[in-house]
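Colleague: sequence and predicted structure, then a few things I'm wondering about:
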Amino acid sequence: MKQCSPPNPVPSGVAARPRGSSASDIGHRTSGLSVALRFLFMTDLSPLLLESVLVPKPWGGRRLEALGKSLPEDGPYGESWEVADLPAGHVSSAARSRTLVSHGAHAGMSLRSLIEEFGSHLIGSAPPTTGGDFPLLVKMLDARENLSIQVHPAETYVSTHPDCHHKTESWYVADADPGSLLFLGLREGVTLDHVQAATGTSALADLMNQVGAVPGGFHHLPAGLVHAVGAGVLIVEVQTPSDTTFRMYDWHEKYSRVRRPLHIAEALEALSLDPAGVVSKAPMSGPGTRLLIATDHYWMREHRMAVGPIGLHPGRGVRILTVMRGEIEVADSRESGFELSTGSTALIPAEIAEGLSIRAKSTVLLLETGLIW
C-alpha cells in the first residue's frame, strides 16, 4: 500500500514457561567490578515476550500456523508482526499497529512506552525514530499467492518527497514449495523505457531476475530494488519501519483479485535499475553461526546449533531473538528464565544483553537481530 505519511519512524502462541534460578546464578554470570557496579544501577527490565499482530492479506494463507500462530478462521492471513511500533493510523489492514508485551511486569505496554520510560536501557545507543518509536519492524510473511511487484523509495527520493519514507528490508526464507520463486530486481540490460511499457502488466515479471526460493536462503533488498515474493514462500522479514510502497503490478489476471491501486508514476521515479547493496546468500551447509547482513539500520545473524549454549553477538545492545526451529532457554542474571519454541520472538533489552544466557534444548535455528553492529 502506498503510505506517504509520517511513520514517526491476537496473541500468537509464544511459548513461555517459568524456570527457577537460584541466587547463585548471578555470581556465575557476572564477574568483575564494572559488571557488578552496572548491575547495582540496572532497571527492572527483563527479556520481553511480545504478542504478535496477525494481518489478513488477500495473497496470504494458513502456513503461519506451522510457526505456532493461532489464526482466526475468517480468511487468509499473510503476516504476523513480531516486533512492531508504528503510529496509529499508519496501517489499514492490521488490528493494531504496535506489538505489546505479553508477560511480566510490563505486560500490555508498547515498545514506544518502554522507550519513554527506559530510553537507552532498552535500545542502547541506537536512536528511536524521530517520533520516539522503535526503529525496526520484524514480521513473518506467508505468500500463498504472488505478492504485488513493488518498490520502496531510497533516501534520494525521500529527500524531495518529505511525506514518504525510506524502506530497506531483508528476507530469510523459512520455507518454500518446490519451484517457488523470488523476484529480485531487474535483469541486466533492462531500461526505464522497458519498465514503463511493462508496468501494470504481467510482462513486468519477465523483466525481473527470478530466483529460486530455498529454505535457509537470505536476501537483502536495498531501497529502490523492484521486487516481489513469489507464491509458496514463507519468510521472515526485517525492515526499517516504513510502509511507503509503490505497487507496479498486482497479478489480478492470475488470481482474479479485487484491483488495488497502482502507483506507476511514483514507482518509475523511485526505482533503481541497479541498486547497490543487493545481497543473496545460500543456506548454511552445517551447524554454526554466520552474519547475514550489517547495514546502517540493523544487522542479522543466523545460529544453527545442537543442544548447548548459543553465543550472541557481544556488546550492550538491544536484541531480537526469533526461533525458527527447535526450542531455546533464555535467562538473564536476575530473573527466572523462560523457553521459546518454534515461531516465538523475544526482545532483549540492551542493559541485560551482555549477561544473558541462551541455551539450545534441541536442534535449533535462531535468528538474532540488532540495531548497531
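Modeller: Noted; the coordinates are in hand.

Colleague: OK, contacts around Thr240?
Modeller: Neighbour list for Thr240: Pro9, Pro135, Leu136, Leu137, His165, His166, Lys167, Thr168, Glu169, His297, Tyr298 [criterion: Cβ atoms under 8 Å, 6 or more residues apart in numbering]. Where C-beta positions appear, they are placed from N, C-alpha and C, glycine not excepted.

Colleague: tell me the contacts of the fourth one?
Modeller: With contacts taken as Cβ under 8 Å, 6+ apart, Leu137 has the following neighbours: Trp81, Val83, Ala84, Asp85, Leu86, Val238, Gln239, Thr240, Pro241.

Colleague: name the nearest residue to it, ignoring sequence neighbours.
Modeller: Excluding its sequence neighbours, the residue lying closest to Leu137 (Cβ to Cβ, 6 or more residues apart in numbering) is Pro241, at 4.6 Å.

Colleague: what about the one you found, neighbour count?
Modeller: Around Pro241 there are 26 other residues, counting by other Cβ atoms under 10 Å.

Colleague: swap in Val190?
Modeller: Val190: 18 neighbours (other Cβ under 10 Å).

Colleague: the nearest residue to it once chain neighbours are set aside and Glu266, how far apart?
Modeller: Nearest residue to Val190 in three dimensions, chain neighbours excluded: Leu207, at 4.9 Å (Cβ to Cβ, 6+ apart). Going from Leu207 to Glu266 by Cβ to Cβ, to the nearest Å gives 18 Å.

Colleague: that older thread, between the contacts of Thr240, which has the least confident prediction?
Modeller: For those, the model is least confident at Pro9; its pLDDT is 38.

Colleague: hey, where'd the helices end up in the stretch 251-373 of the chain?
Modeller: Using DSSP state H, counting those that start in this stretch, the helices of the stretch 251-373 of the chain run over 252-255, 264-270, 350-353.

Colleague: got these as TSV, with mean pLDDT, distance to Leu181 and mean neighbour count columns?
Modeller: Below are those laid out as TSV (pLDDT from 0 to 100; distance: least, Cβ to Cβ, whole Å; neighbours: other Cβ atoms under 10 Å):
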stretch	mean pLDDT	distance to Leu181	mean neighbour count
helix 252-255	91	13	12
helix 264-270	97	21	18
helix 350-353	93	37	22
